[in-house]
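In: give me a model of this one.
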Amino acid sequence: MADPLGTADPLGMADPLGTAPPPVYPVAPHAELPLQSPHGPAWLRSPVVLGRTVAILLGAVAVADVVAVWADLALLDVSDRLAGGDWSAALEHDSDRADGLVALAGVLQTLTYVATIVVFLVWFHRVRVNAEVFDPFGHRKKRGWAIGGWFVPVVNLWFPRRIAIDCWDASSPWEKPRSHALVNTWWTLWLLSLFAGEAGDRAYLRAEEIEEYRLAARQMLFADSLEIVAAVFAALFVLALTRMQDDRARRGPREPEPVAV
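Out: Residues are numbered from 1 along each chain as shown. Below you'll find the model as predicted:
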């Protein structure tokens, strides 16, 4: 039996880069053959299951960050008590507990981040190729940058956003293009959380004195709190772009403009 929306392979892992002819939307006439865009053949493939999976994984990231915030608060409490001269056995117990929470949060964050990154990249490449079907000439970066752009130093600070904007514009409704506010908010929060997290981790690893641990705990608390907000806006961006592409595909090609006589 045919599988028009590609649900037999919900994550698209059998062909993550979309190089083989995929199933098509049954109500989208413009998806019945590969479009010869300037970047190569482009097939329209459903991003729905992938998009929802990414959103769920981003929720898991947010949960891991909540655990990290809990650990940061425990670490900050221990640091404040140490600075105040509390050297009791209870403090030693709480200190061991705080260290354990920090380690647990680190493991949870690593696992959820890695899983999310893998599925997000598959989804991001898919919506990039889909966007070529909607608008073959509206893309300033080649489709390979949808994955490579995240890993190349320096350019990873703006290439992914540029690709996301192009996909957003190509997927927006014809009659009312969508604002870039959500894309820009997501990207700004992502960069801020990235730099804040790096600063907090380095401060914690370098800390030796009580005041250094207190400062590191505050930095980590700020970074992990910011990452929760960034994960929420990332999920909103993923779901919005997925929904736009799905709606655009189901509506089919744009009706031609009437010719004045």
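In: next SSE downstream of the helix or strand harbouring Leu194?
Out: Element membership for Leu194, per DSSP states H and E: helix 181-206. Note on helix 181-206: by DSSP H and E, the next helix or strand toward the C-terminus is helix 210-251.
In: show me the contacts for Ala64.
Out: Listed by Cβ atoms under 8 Å, 6 or more residues apart in numbering, the contact set of Ala64 reads 105, 108-109, 111-113. All C-beta atoms are positioned from the backbone trio N, CA, C, and that covers glycine.
In: swap the cut-off to 7 Å and go again
Out: Ala64 is in contact with 105, 108-109, 112, counting by Cβ atoms under 7 Å, 6 or more residues apart in numbering.
In: which of these are buried? Put it as a ChimeraX command.
Out: Filtering the contacts of Ala64 down to the buried ones (16 or more other Cβ atoms under 10 Å) takes a single ChimeraX command:
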select :105,108,109,112
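In: so Tyr213 makes contact with Arg81?
Out: No - using Cβ atoms under 7 Å, Tyr213 is not in contact with Arg81, being 11.3 Å away.
In: those two: who's more crowded?
Out: Comparing Tyr213 with Arg81 by other Cβ atoms under 10 Å, the one with more neighbours is Tyr213, at 22 against 17.
In: Ala83 versus that one, what's the distance?
Out: 9 Å (Cβ to Cβ, to the nearest Å).
In: equivalent analysis for Leu121, please.
Out: Leu121 sits at a distance of 43 Å from Ala83 (criterion: Cβ to Cβ).
In: tell me which element Trp150 is part of?
Out: Per DSSP H and E, there is no helix or strand for Trp150.
In: my read is that it contacts Pro160, right?
Out: Yes - using Cβ under 7 Å, Trp150 makes contact with Pro160 at a distance of 5.7 Å.
In: contact partners for Phe233?
Out: Phe233 neighbours (Cβ under 7 Å, 6+ apart): 185-186, 189.
In: most neighbours among these, please name it.
Out: Trp186 (22 neighbours).
In: now the helices for this protein?
Out: 48-83, 89-134, 145-148, 159-171, 181-206, 210-251 (DSSP state H).
In: now those in CSV, with mean pLDDT?
Out: Converted to CSV, those look like this (pLDDT from 0 to 100):
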stretch, mean pLDDT
helix 48-83, 93
helix 89-134, 92
helix 145-148, 92
helix 159-171, 94
helix 181-206, 93
helix 210-251, 93
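In: measure the residue nearest the centre of the chain to Ser179 for me?
Out: Nearest to the geometric centre of the chain sits Ala234, at 5.0 Å (Cα atoms, centre = their mean). The gap separating Ala234 from Ser179 is 17 Å, by Cβ to Cβ.
In: same thing with Ser79?
Out: Relative to Ser179, and taking Cβ to Cβ, Ser79 is found at 43 Å.
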